[in-house]
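Engineer: Just need the structure, nothing else, for what follows:
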Amino acid sequence: MKLLIIGGTVFLGRHFVEQALAKGHEVTLFNRGLHNADLFPEAEKIRGDRQGDLSALAGRTWDAVVDFCGYIPREVRAMAELLAGSVDHYTFVSSISVFSDHSRPNDENGPVGTLEDETVEEVTGETYGPLKALCEQAAEAAMPGRVFIVRPGLIVGPHDPSDRFTYWPHRIAQGGEVLAPGNPAKHVQIIDGRDLAGWMLEMVERKDTGIYNATGPDVPLTMGDVLEECRAAAGGTATLTWVSEEFLIEEEVGSWMEMPLWIPDAEEYVGFNAVDCRQAIAHGLRFRPISDIVRATLAWDATLPERELRAGMKREREEELLAKWSVAQS
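Structural biologist: Here you go, the predicted structure:
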């Protein structure tokens, strides 16, 4: 197939392009060339900014387009309308953040967020989900019946720039006493970028359409499972100290970013790690073992220069909280 990739050099897009090229597809990348510009020398590269002039794409034809970096409905609409006569199939990468109600598990028909002013284009924690929902609608309006919308949860694994999962194997590999959040039996949902990319490519090859939630795995996964796999991969030298959720809240520990994977047990978050992905699984989505994800993440992380992670608790803060917890338990 001839594939046009919007983005394609960071994380999920990078995995997708790697797998598409390995399967012999002809790939054209459209991006600004700001990230990993030297990747994929065998692919055609068109430099451009979707916020500006799209004329370099006019008059060309592809079998399918995959849009990894659409956040503003106006820009997605412009891209989809331009390509409506040039491609047969449009893939838009959305997010489970589109859902407006996380107090229960959502399937693909769950209510999505809205904006009182749909001309808003500033992406914030409050507008991100509703803007993604509007992007979905813009793509479908421009190419009705030809759009595949994928809604991932937390994407993890090698090349993740967010460090929202990498923090755990990285920190546990450093050894010592590690602060672990809340209840080890609490369920979490993640998906490896390599698994998601491979499944998306299969969907594109079949030109499947519709909306699909895509997080995982397909068996229950707990916070304890994740951290114990990190301990095993790192040689088992770290010790995990599980502190209560009440203590974390009292100490104003930030969920998700300061304490990755942790979401408080509040009623409004009950469904956040229980998104219904049965439809994607029925259409071929498969998941590698958590042990594979952890070991691959740890191996990739070891190749990077010493750096300050973008997510996770600072060591000084961790030590301070562990000391307080120890006193509270004595």
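
Engineer: Tell me the spacing between residue 162 and residue 288.
Structural biologist: Using C-beta to C-beta, to the nearest Å, residue 162 is found at 20 Å from residue 288. Placement of C-beta: from N, CA and C, glycine included.

Engineer: same check, this time on residue 46
Structural biologist: For residue 46 relative to residue 288 (C-beta to C-beta), the value is 33 Å.

Engineer: Look at those two and report which has more neighbours.
Structural biologist: Ranked by neighbour count (other C-beta atoms under 10 Å), residue 46 and residue 288 place residue 288 first, with 16 against 13.

Engineer: any idea how far residue 212 is from that one?
Structural biologist: Residue 288 is 19 Å from residue 212, by C-beta to C-beta.

Engineer: what does residue 170 give?
Structural biologist: 31 Å.

Engineer: Which one's more surrounded, those two?
Structural biologist: Remark: of residue 170 and residue 212, residue 212 carries more neighbours, 24 against 20, as counted by other C-beta under 10 Å.

Engineer: Now that one. Nearest residue, chain neighbours left out?
Structural biologist: Distance criterion C-beta to C-beta, 6 or more residues apart in numbering; nearest residue to residue 212, sequence neighbours excluded, is residue 280 at 4.4 Å.

Engineer: cool, and residue 229?
Structural biologist: Leaving aside its sequence neighbours, residue 229 sits nearest to residue 294 (C-beta to C-beta, 6+ apart; 4.6 Å).

Engineer: correct me, but the one you found touches residue 226?
Structural biologist: Yes. Contact status for residue 294 versus residue 226: in contact at 7.4 Å, counting by C-beta atoms under 8 Å.

Engineer: Correct me if wrong: the residue nearest to residue 212 contacts residue 211.
Structural biologist: No. Checked against C-beta under 8 Å, the pair residue 280 and residue 211 is beyond contact range at 9.9 Å.

Engineer: For the two, indicate the residue with more neighbours.
Structural biologist: residue 280 (26 against 19).

Engineer: quick one: contacts for that one?
Structural biologist: 150, 199, 212-214 (C-beta atoms under 8 Å, 6 or more residues apart in numbering).

Engineer: Next, work out how far apart the residue most central in space within the chain and residue 139 are.
Structural biologist: In the chain, the centroid-proximal residue (C-alpha atoms, centre = their mean) is residue 155; its distance is 3.2 Å. Counting by C-beta to C-beta, the gap from residue 155 to residue 139 is 20 Å.

Engineer: and if you look at residue 267?
Structural biologist: Applying C-beta to C-beta to residue 267 and residue 139 gives a distance of 33 Å.

Engineer: Looking at these two now, which is surrounded by more residues?
Structural biologist: Neighbours per residue (other C-beta under 10 Å) separate residue 267 from residue 139, with residue 139 holding more: 27 against 10.

Engineer: hang on, that one in a helix?
Structural biologist: Yes. Applying DSSP: H, G, I helix; E, B strand; the rest coil, one finds residue 139 inside a helix.

Engineer: Any buried residues in the one helix or strand the residue nearest to residue 212 maps to, and which?
Structural biologist: Following DSSP states H and E, one finds residue 280 within helix 278-282. Across helix 278-282, burial judged by 16 or more other C-beta atoms under 10 Å covers 280-281.

Engineer: Off-centre distance for that helix?
Structural biologist: 18 Å (C-alpha atoms, centre = their mean, to the nearest Å).

Engineer: now swap in stretch 218-225 and tell me
Structural biologist: On the basis of C-alpha atoms, centre = their mean, stretch 218-225 is displaced by 18 Å from the centre of the chain it belongs to.
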